[in-house]
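S.K.: Show me how the following folds:
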Amino acid sequence: MEIIDSHTHWGPSVSLGITVTTRELLKQAEESGVDRIVIFPFPSQALAYERINDELLAEAGRIPQFIPYYYIPDDLRPIPRNRGFFGGKWHWTRGIQDCSSQYDVLDDPLLPEFLEKSADIGLPLIVEEELEFTVALAKRSGKLNIIIPHLGMLGGNPLDFLAAFKKHEHVFFDTALAQPQTIRRFVQEVGAQRVLFGSDIPFGSMKNELHKVLSLSLSDREREAILGGNLRRLTGLAPCPVHE
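M.R.: Numbers count the residues shown, from 1 in each chain. Got it, this is the predicted structure:
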């Protein structure tokens with residue numbers, strides 16, 4: 001079974017003054033048995049230095065284990081086509097910090113076109129925002145697949161996110177930093193096919209976050225979906241040759 005971490009940061013953070021290196025990510029992957037790693041920039045770095053998207057993509061071209069996600073810039077440019085990105089990250093901080101929103105874009109005239117193009121591109125978008133914002137965005141997003149990180153924990157109460165999106169088949173959740181009992185609740189109510197394993201390095205570790213999922217009473221099919229199958233399905237990523 002291939003294991004994919006769907007949520008890690010790569011590179012420097014202007015706000016935190018730290019850098020997550022390729023070496024650190026590969027070290028944690030080896031220690032925990034993770035096969036491939038989704039990487040995206042820190043919000044503060046992406047908004048301060050837009051070329052980080054290109055640097056991240058270049059690093060993913062060098063490291064076969066890396067799966068690059070594009071950070072959505074201020075001017076709402078969607079994920080570039082045919083560049084090698086497998087998804088996108090939305091986390092509006094205006095460079096102020098890496099953990100809370102400072103920008104409400106719902107009235108931006110560019111938003112409808114952005115959502116239409118993003119849905120047409122067909123790649124998932126991680127949306128890390130407060131509940132009210134996420135609900136409003138999801139209603140406008142059409143067929144765009146949205147992934148809510150931390151089961152919504154950083155945007156409010158996870159159970160409120162669960163209630164709001166339980167019947168929305170195009171809304172998914174990652175497990176990063178969530179408690180095992182909360183992960184279990186989501187799997188029971190929305191199904192394993194809408195839950196993805198993530199670690200949120202450097203705020204979590206692969207080993208600890210993976211243990212939370214492995215400690216749950218899951219069928220082999222559920223475990224495979226959460227640990228890699230759902231991510232491959234959403235991104236169109238081919239299975240790792242070793243696990244075919």
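S.K.: Against which helices or strands is the lowest-mean-pLDDT helix or strand in the chain packed?
M.R.: Within the chain, no helix or strand scores below helix 43-48, which has a mean of 88 by mean pLDDT, DSSP states H and E. Applying 3 or more Cβ pairs under 8 Å, 6 or more residues apart in numbering; DSSP states H and E, we find helix 43-48 packed against strand 11-13, helix 52-62. Heads up, the C-betas are built off the backbone N, CA and C, glycines and all.
S.K.: from the chain's centre, how far out does the shortest one sit?
M.R.: If I follow you right, that is strand 11-13. Remark: strand 11-13 is offset 17 Å from the chain centroid, using Cα atoms, centre = their mean, to the nearest Å.
S.K.: Next secondary structure after that strand?
M.R.: Proceeding N to C from strand 11-13, the next assigned helix or strand is strand 18-20, under DSSP states H and E.
S.K.: Identify all contacting residues around that following strand.
M.R.: Contacts to strand 18-20, defined as Cβ atoms under 8 Å, 6 or more residues apart in numbering, come from residues 8-13, 201-202.
S.K.: and of the residues you listed, the nearest to residue 54?
M.R.: Nearest to residue 54 among those, counting by Cβ to Cβ, is residue 11 at 11.4 Å.
S.K.: how close does that closest one sit to residue 225?
M.R.: To residue 225, residue 11 is 29 Å away according to Cβ to Cβ, to the nearest Å.
S.K.: now residue 67
M.R.: Distance from residue 67 to residue 225, counting by Cβ to Cβ: 17 Å.
S.K.: next one: residue 169
M.R.: For residue 169, the distance to residue 225 - Cβ to Cβ - is 14 Å.
S.K.: who has more neighbours, the two?
M.R.: Applying other Cβ atoms under 10 Å to residue 169 and residue 225 shows that residue 225 carries more neighbours, namely 23 against 12.
S.K.: Contacts only, for the residue lying closest to that one once chain neighbours are set aside.
M.R.: The shortest distance from residue 225 to any non-neighbouring residue, by Cβ to Cβ, 6 or more residues apart in numbering, is to residue 192 (4.6 Å). The neighbours of residue 192, taking Cβ under 8 Å, 6+ apart as the test, are 218, 221-223, 225-226, 230.
S.K.: Which helix or which strand is home to residue 67?
M.R.: Using DSSP H and E, residue 67 sits within strand 66-68.
S.K.: Could you list every helix and strand that that strand packs against?
M.R.: Strand 66-68 packs on strand 36-40, helix 52-62, going by 3+ Cβ pairs under 8 Å, 6+ apart.
S.K.: quick check, nearest of the contacts of strand 18-20 to residue 235?
M.R.: Scanning the contacts of strand 18-20 for proximity to residue 235, where the rule is Cβ to Cβ, the winner is residue 8, at 14.9 Å.
S.K.: What separation do you get for that closest one and residue 167?
M.R.: 30 Å.
S.K.: Between the two, which is the more surrounded one?
M.R.: With neighbours defined as other Cβ under 10 Å, residue 8 and residue 167 compare such that residue 8 has more, 27 against 8.
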